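Asks: Need coordinates for the below:
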Amino acid sequence: MIVVMGATGATGNALLHSLLALGAPVRALTRTPHSPIPGTTGAHQPPVEVRYADAADPGSLHTAFKGADQLFLAMANSPAQVELETRVIDIAAEAGIGHIVKISAPATEPDSPVAISRGHHAVEEHLRACGLTHTILRPYAFMQNLLRLAPTVARGVILGTTGDAPCNHIDCRDIGDVAAAALTRPDIAGGTYSLTGPEAVSYPDIASRISSLSGKQVRYVDLTPDELRDNLIHQAHMPTWLADHVTEIQQLAITRPETPNGTVADILGRPPRTLDAFLREHQAFFSR
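Replies: Model prediction:
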């Protein structure tokens, strides 16, 4: 039995679909078990076992992990992430789970300039110390997060602090397919993989592509890190820690130039989804 934490999130839900397509036994965990999980209902969908679980509730984890032998661990970034993920790992080990696939992040080093990545490093180290078989996936920016640009695109701008630096983006569905491979193929399990899409694209280029797609002029406005951080806090109403994170990862693209790799294609035997295809698929978000 494969347990999927965060089954309603973009990556966890993509993995759930991938595992269902493979016919793998799946238990979907959610903090709202009575709400439908996207894409898992309908006449042609196999039944999905859904359980309540909350990383802040150890008892729920003990119950949810019973009888499972593999776990997909993906949690939303937060200041409590290290505490919560290490708890999940400890309880999974106690429950007899033998393999954990963890979603991590690039630049996971103890002295990383990105605070969230330092946290992922701590969780990775804890996972190694537990002695469980583990697979680490380090995806770059999710294409799905570009949909959050829609409010500023509606005003004709994209704000950032990357300059002309190219940035790696990857579709969460490709991450889900790679995670499914790690959970169902022994040749993939146990590795550490950095995941990108097929090209690194600058934000000015993204603005240009959205302009061509939507038929309205969208320009990229480059801000200083402090200006972007203030805008995210006061205009986008982000919590301070998240505004700091967005600013840090955008600056990382400048200090550590990003280039795509072939890992997704090597594992899946097909190229990753393209940014242009993603933007076309979600054209309605950028045409309002």
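Asks: For stretch 131-141, give the mean pLDDT please.
Replies: For stretch 131-141, mean pLDDT is 94.
Asks: how far is that stretch from where the chain is centred?
Replies: Relative to its chain's centre, stretch 131-141 lies at 12 Å (C-alpha atoms, centre = their mean, to the nearest Å).
Asks: repeat for stretch 249-258
Replies: 18 Å.
Asks: Not counting its own residues, what contacts it?
Replies: 106-107, 113-114, 116, 140-141, 160-163, 165-168, 196, 200, 225, 228 (C-beta atoms under 8 Å, 6 or more residues apart in numbering). Bear in mind the C-beta positions are built from the backbone N, C-alpha and C, glycine included.
Asks: can you check stretch 89-98 too?
Replies: 3, 58, 61-62, 65-66, 68-71, 73, 100, 123, 126-127, 130-133.
Asks: start to end distance for that stretch?
Replies: 11 Å (C-alpha to C-alpha, to the nearest Å).
Asks: Rounded mean pLDDT for that stretch, please.
Replies: 94.
Asks: Buried among the contacts of stretch 89-98? Need that as a selection in PyMOL.
Replies: A single PyMOL command selects the buried members of those (16 or more other C-beta atoms under 10 Å):
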select buried, resi 3+61+65+68+70+71+73+100+123+127
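Asks: Show only the entries of the contacts of stretch 89-98 found in strands.
Replies: 3, 70, 71, 73, 100, 133 (DSSP state E).
Asks: Show me how to select, in PyMOL, the buried members of the contacts of stretch 249-258.
Replies: Per 16+ other C-beta under 10 Å, the buried members of the contacts of stretch 249-258 correspond to this PyMOL selection:
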select buried, resi 106+107+114+116+140+141+160+161+162+165+166+167+168+196+200+228
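Asks: follow-up on the earlier one: same list, the ones in strands among the contacts of stretch 89-98, but as a markdown table with distance to residue 79 please.
Replies: Listed next are the ones in strands among the contacts of stretch 89-98 as a markdown table, based on distance: C-beta to C-beta, whole Å:
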| residue | distance to residue 79 |
| --- | --- |
| 3 | 25 |
| 70 | 28 |
| 71 | 23 |
| 73 | 18 |
| 100 | 22 |
| 133 | 29 |
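Asks: where exactly do the helices run in the stretch 1-150 of the chain?
Replies: 10-22, 58-65, 81-94, 115-130, 150-153 (DSSP state H, counting those that start in this stretch).
Asks: winner for burial among those?
Replies: Greatest average neighbour count among the helices of the stretch 1-150 of the chain goes to helix 10-22 (a mean of 21), per mean count of other C-beta atoms under 10 Å.
Asks: Tell me which other helices or strands it touches.
Replies: Applying 3 or more C-beta pairs under 8 Å, 6 or more residues apart in numbering; DSSP states H and E, one finds that helix 10-22 makes contact with strand 2-4, strand 26-30, helix 172-184.
Asks: got the CA coordinates for that helix in CSV?
Replies: Taking Å, rounded to 0.1, in the frame of the first residue of the first chain, the C-alpha atoms of helix 10-22 are listed here in CSV:
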residue,chain,number,x,y,z
ALA,A,10,-0.8,20.0,-6.9
THR,A,11,2.0,17.5,-6.7
GLY,A,12,0.2,14.9,-4.4
ASN,A,13,-2.9,15.0,-6.6
ALA,A,14,-0.8,14.6,-9.8
LEU,A,15,0.9,11.6,-8.2
LEU,A,16,-2.4,10.1,-7.1
HIS,A,17,-3.6,10.2,-10.8
SER,A,18,-0.3,8.6,-11.9
LEU,A,19,-0.6,5.8,-9.4
LEU,A,20,-4.3,5.1,-10.3
ALA,A,21,-3.3,4.9,-13.9
LEU,A,22,-0.7,2.3,-13.0
